[in-house]
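1. Just to be clear, the model below is a prediction. Sequence and coordinates:
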Amino acid sequence: MNAIINDIEIIKAKTTKINEVDFDNLKFGQVFSDHMLECNYKNGAWEVPKVVPYHAITLDPSAKIFHYGQSVFEGMKAYKDANNEVWLFRPLENFKRLNISSKRLAIPELPEAYFMDGLKALLEVDKDWIPNKEGSSLYIRPFVFATGKGFHASPADEYKFIISTAPSGAYFAGKVKVLIEQTYSRSANGGVGYAKAGGNYAGQFYPTQLAVEKGYQQVIWTDDTNHEYIEEAGAMNIFIRINDTLITGPTSDRILDGITRKSIIDLAKSENIPVEVRKISVKEVVEAAKNGSLKEMFGAGTAAVISPIDGFGYQGTDYDLPKLDKTYAEYLKKRITDIQTNKSEDPFGWRYKV
Ligand code: PLP
Ligand code: COI
């Protein structure tokens, strides 16, 4: 990686909004820090990024993002430890995945230093925005979208890469009941499901609205062919515990290769928790719920961390998950957040000092 940190221009905001923020009652992604990283792609190359005051952007009505949806994003978090040191969690994985997503959407890939050094420069300027309260962090949203003009349905010639950040608390508040989807699909073979493309989320909103109207918070997507196998939830991968075994479906071109998911698999293995990465059918989960061997279900993702699922609905019937004294979800959440926030050893080398 050719470092560019010293080439990044920093234009500081004249005033700060930080005193208006109630850091003790943070919601998820509602308030934004004073600065953002901005980087343009023009004439076939990415320009050196700049740290600039957080601002609204102006686009031509024909910008291709509006018409053809060329947009990809990432989700990361920065944590502050007891000594005010700043940490990221496996940031190179986010960088690589952003480029995997970009490639699928015919968006030019970013050089590693533009992402990594850009992120470091931004976090340095907005360091005070990183919460140090348990359960809070600075949510980081890197994204790339087509700014190039024209109604021709072809890739744009200009793009923007932005990183903006939001001091945030928990993604889910309260109970999480999920609906196992049998009609709509999130993604299909050969499609863009493995990319973190904006359109993947837009496509989920309507089926999720229908589920919310029925009293569920999230949809669990199943395979698009027969709706037979559990895939993932709208914003997280899914783990299912049957007796003592933790099971999660294999990633594919329909499923996002979650960084939390793969970290949990490694953590669980290292703790001698039996883990299986295999297809898991809805039938198996329903049977396990009926015979009492279904012990836990939880979602895993950067925003969601580990979110226990309280129950699921399937074909008009609701199934409750048992209330256990000790859960894998709670145990693994503590293990992963202790690593993320520098409260424990990091045997995997996942933590990244900024
Ligand atoms: N699946 C989807 C669709 C997501 O949006 C996310 C969130 O990023 C995840 C899974 C979890 O991925 P990660 O753990 O890398 O945040
Ligand atoms: C994340 O977990 O970072 C995500 O990107 C999920 C998002 C849709 C909130």
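-> Now that the structure is in, tell me what you want to look at. Ligands and ions are numbered 1, 2, ... in the order given.
2. Run through who's touching stretch 310-325.
-> With contact meaning CB atoms under 8 Å, 6 or more residues apart in numbering, stretch 310-325 is reached by 175-180, 182, 214, 216, 220, 282, 285-286, 289-290, 292, 294-297, 308-309. Heads up, the C-betas are built off the backbone N, CA and C, glycines and all.
3. Which of these fall in strands?
-> 177-180, 220, 294-297, 308 (DSSP state E).
4. Including neighbour count, could the residues you listed go into a markdown table?
-> Below are the ones in strands among the contacts of stretch 310-325 laid out as a markdown table (neighbours: other CB atoms under 10 Å):
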| residue | neighbour count |
| --- | --- |
| 177 | 20 |
| 178 | 22 |
| 179 | 21 |
| 180 | 20 |
| 220 | 27 |
| 294 | 22 |
| 295 | 18 |
| 296 | 18 |
| 297 | 27 |
| 308 | 18 |
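5. Pick out whichever of the residues you listed sits closest to residue 11.
-> residue 308 (43.4 Å; CB to CB).
6. That closest one contacts residue 295, doesn't it?
-> No. Taking contacts as CB atoms under 8 Å, residue 308 lies outside contact range of residue 295: 11.1 Å.
7. Please identify which two of the ones in strands among the contacts of stretch 310-325 are farthest apart in space.
-> 179 and 295 (20.4 Å).
8. Let me see the contact set for the residue of the chain found nearest ligand 2.
-> Here the chain gets closest to ligand 2 at one residue, residue 75, 1.8 Å apart by CB to the nearest ligand atom. Residue 75 sits next to 94, 139-141, 196, 301-303 when contact means CB under 8 Å, 6+ apart.
9. repeat that for 10 Å
-> For residue 75, the contact set (CB atoms under 10 Å, 6 or more residues apart in numbering) comprises 29, 94, 139-143, 171, 196, 235, 259-260, 301-304.
10. Show the model's pLDDT score for it.
-> Listed pLDDT for residue 75 reads 98.
11. for residue 172, same thing?
-> 87.
12. so what's the nearest residue to it once chain neighbours are set aside bridging to?
-> Nearest in space to residue 172, with sequence neighbours left out and distances taken as CB to CB, 6 or more residues apart in numbering, is residue 307 at 5.1 Å. Beta-bridge partners recorded for residue 307 (DSSP bridges): residue 299.
13. these two touch, right, residue 307 and residue 329?
-> Yes. Between residue 307 and residue 329 there is a contact at 7.9 Å, judged by CB atoms under 10 Å.
14. So for the two, which residues contact both of them?
-> Joint contacts of residue 307 and residue 329 (CB under 10 Å, 6+ apart) are 297-300.
15. quick one: which of those residues is nearest residue 346?
-> Using CB to CB, those come closest to residue 346 at residue 300, 18.3 Å.
16. okay, and for the chain, where does confidence drop off?
-> Applying pLDDT under 70 to the chain flags no residue at all.
17. Would you map out the domains in it?
-> In the domain annotation for the chain, the residue ranges read 2-168, 176-340 (automatic domain parsing).
18. Could you take these and lay them out as a markdown table, with extra columns for distance to residue 347?
-> A markdown table is the format used below for those (distance: least, CB to CB, whole Å):
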| stretch | distance to residue 347 |
| --- | --- |
| domain 2-168 | 14 |
| domain 176-340 | 7 |
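19. Residue 351 is nearest to which of these?
-> domain 2-168 (5.3 Å).
20. Any idea how far apart the tips of that closest one sit?
-> The first residue of domain 2-168 is 32 Å away from its last residue (CA to CA, to the nearest Å).
21. and stretch 283-301, is it in reach of ligand 1?
-> Yes. Counting by CB under 6 Å from any ligand atom, ligand 1 is contacted by stretch 283-301 at residue 301.
22. Off-centre distance for the helix or strand hosting residue 116?
-> Counting by DSSP states H and E, the element that carries residue 116 is helix 112-125. How far helix 112-125 lies from its chain's middle: 19 Å, per CA atoms, centre = their mean, to the nearest Å.
23. Neighbouring strands - and their directions - for the next helix or strand after it?
-> Going down the chain from helix 112-125, the next helix or strand is strand 137-146, by DSSP H and E. Strand pairing for strand 137-146, using DSSP bridges, gives strand 71-73 (antiparallel), strand 76-80 (antiparallel), strand 159-168 (antiparallel).
24. just so I know, which of those strands lies nearest ligand 1?
-> Distance to ligand 1, taken as CB to the nearest ligand atom, is lowest for strand 76-80 among the strands paired with strand 137-146, at 8.0 Å.
25. pretty sure residue 261 belongs to a helix, no?
-> Yes. Using DSSP: H, G, I helix; E, B strand; the rest coil, the secondary structure at residue 261 is a helix.
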